[in-house]
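Asker: This is the structure alone, sequence omitted:
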């Protein structure tokens with residue numbers, strides 16, 4: 001009998017941890033932490049590992065809080081969509097009160113840890129949580145322009161690392177912000193294309209102009225081109241201390257062209273397969289570009 005109880009406890013503990021992991025979207029949080037660490041490494045000559053750890057931890061809590069608040073607000077719409085119907089809140093495995101407690105705890109921890117680095121970092125962290133939760137999420141059922149608002153908190157992490165390292169928001173942080181800001185449009189719209197029918201059921205329209213057509217892909221192509229230009233612009237030494245070598249700019253440009261190729265393919269085919277390839281190419285792009293920037297910086 002006791003064995004059963006112990007096993008049950010283990011199972012329920014495992015379920016609780018998995019639910020918290022799902023509520024705070026740990027995978028996504030880690031990719032955001034990766035961006036902020038890349039931003040930090042671009043700004044420093046000597047790495048302060050304790051600050052790097054605090055930035056990772058604070059950033060992790062910050063994104064986790066945003067995701068938890070988002071799932072509390074979208075509990076009912078999550079229940080409608082296949083992709084989200086098994087989340088802890090729509091299934092009733094977790095109560096809204098517990099989810100809210102986790103979200104608030106993560107907010108307090110995230111902002112406090114970022115504040116211990118410097119107040120500016122905490123301020124941008126707080127702006128990110130506020131915009132994602134109080135502006136982007138409620139706007140989703142109202143207008144496709146929600147993606148523009150969502151791109152702001154989504155672009156903060158890369159820049160956050162620079163602000164943490166230097167305690168200032170200047171030209172360099174602005175460039176890091178713009179790179180990740182423009183990247184988000186092709187990335188999100190590729191997801192919006194793939195999830196179009198599901199989103200429609202839930203009353204969301206994430207595509208520009210609200211239609212799944214060539215017009216939407218023209219916007220994707222346009223923003224991908226802007227993203228490529230902004231990503232290679234630091235080679236012109238216009239972005240303060242953030243500078244890349246010509247060879248690096250060529251590699252970054254080619255990666256952008258790789259992403260653009262799938263956007264053009266999607267324009268021709270209007271097929272979900274190409275939208276999926278574009279989405280995967282966008283994830284590859286932002287990850288590899290951030291690594292390349294850091295490698296370039298340390299090869300100076």
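Answerer: Received it, and whenever you're ready, just let me know what you need. What you see is a predicted model, and the numbers here were worked out from it, not measured in a lab. Residues are numbered from 1 along each chain as shown.

Asker: C-terminal to the helix or strand residue 160 falls within, what's the next element?
Answerer: Per DSSP states H and E: residue 160 is located in helix 146-166. Next along the chain after helix 146-166, taking DSSP H and E as the criterion, comes helix 171-194.

Asker: for that following helix, packing partners?
Answerer: Packing contacts for helix 171-194, counted by 3 or more Cβ pairs under 8 Å, 6 or more residues apart in numbering; DSSP states H and E, involve helix 26-43, helix 146-166, helix 214-232, helix 246-269, helix 272-298. To be clear about C-beta, it is placed using only N, CA and C from the backbone, and glycine gets the same treatment.

Asker: elements contacting the fourth one?
Answerer: Where contact means 3+ Cβ pairs under 8 Å, 6+ apart, helix 246-269 is packed against helix 171-194, helix 214-232, helix 272-298.

Asker: Quick check: which ranges of the protein have low pLDDT?
Answerer: Applying pLDDT under 70 to the chain flags residues 1-11.

Asker: tell me the angle the helix holding residue 160 makes with helix 26-43.
Answerer: Between the axes of helix 146-166 and helix 26-43, defined by axes from the mean of the first three to the mean of the last three Cα atoms, to 10 degrees, the angle is 50 degrees.

Asker: Quick one: list the elements packing against helix 146-166.
Answerer: helix 26-43, helix 49-73, helix 96-117, helix 119-130, helix 171-194.

Asker: Repeat the analysis, applying 7 Å as the threshold.
Answerer: helix 26-43, helix 49-73, helix 119-130, helix 171-194 (3 or more Cβ pairs under 7 Å, 6 or more residues apart in numbering; DSSP states H and E).

Asker: Can you tell me what sits against that helix?
Answerer: The contact list for helix 146-166, computed with Cβ atoms under 7 Å, 6 or more residues apart in numbering, reads 32, 35-40, 42-44, 51, 55, 59, 66, 117-118, 120-121, 124-125, 128, 131-132, 135-136, 139-140, 169, 172-173, 176-177, 179-181, 184-185, 188, 206.

Asker: List only buried entries from those.
Answerer: 32, 35-40, 42-44, 51, 55, 59, 66, 117-118, 120-121, 124-125, 128, 131-132, 136, 139-140, 169, 172-173, 176-177, 179-181, 184-185, 188, 206 (16 or more other Cβ atoms under 10 Å).

Asker: related to what we said a few turns ago, residue 243: which of the helices and strands packed on helix 146-166 is closest?
Answerer: Closest to residue 243 of those, according to Cβ to Cβ: helix 171-194, at 9.2 Å.

Asker: How about residues contacting the closest one?
Answerer: 35, 39, 147, 151, 154-155, 158-159, 162-163, 199, 206-208, 212, 216, 219-220, 223-224, 226-227, 230-231, 234, 239-242, 259, 263, 272, 275-276, 278-279, 282, 285-286.

Asker: angle of it against helix 119-130?
Answerer: Going by the same axes, to 10 degrees, helix 171-194 makes 20 degrees with helix 119-130.

Asker: Looks like residue 117 contacts residue 55 (just checking).
Answerer: Yes: between residue 117 and residue 55 there is a contact at 6.3 Å, judged by Cβ atoms under 7 Å.

Asker: Let me have the helices and strands packed on helix 146-166 in JSON lines, extended by distance to residue 268.
Answerer: Converted to JSON lines, those look like this (distance: least, Cβ to Cβ, whole Å):
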{"stretch": "helix 26-43", "distance to residue 268": "30"}
{"stretch": "helix 49-73", "distance to residue 268": "34"}
{"stretch": "helix 119-130", "distance to residue 268": "37"}
{"stretch": "helix 171-194", "distance to residue 268": "14"}
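
Asker: Excluding chain neighbours, give the residue nearest to residue 235 in space.
Answerer: Nearest non-adjacent residue to residue 235, counting by Cβ to Cβ, 6 or more residues apart in numbering: residue 249, 3.7 Å away.

Asker: Could you do residue 216 as well?
Answerer: residue 207 (4.6 Å).

Asker: which ones are touching that neighbour?
Answerer: Contacts of residue 207 were listed using Cβ under 7 Å, 6+ apart, and they are 144, 189, 192-193, 196, 216.
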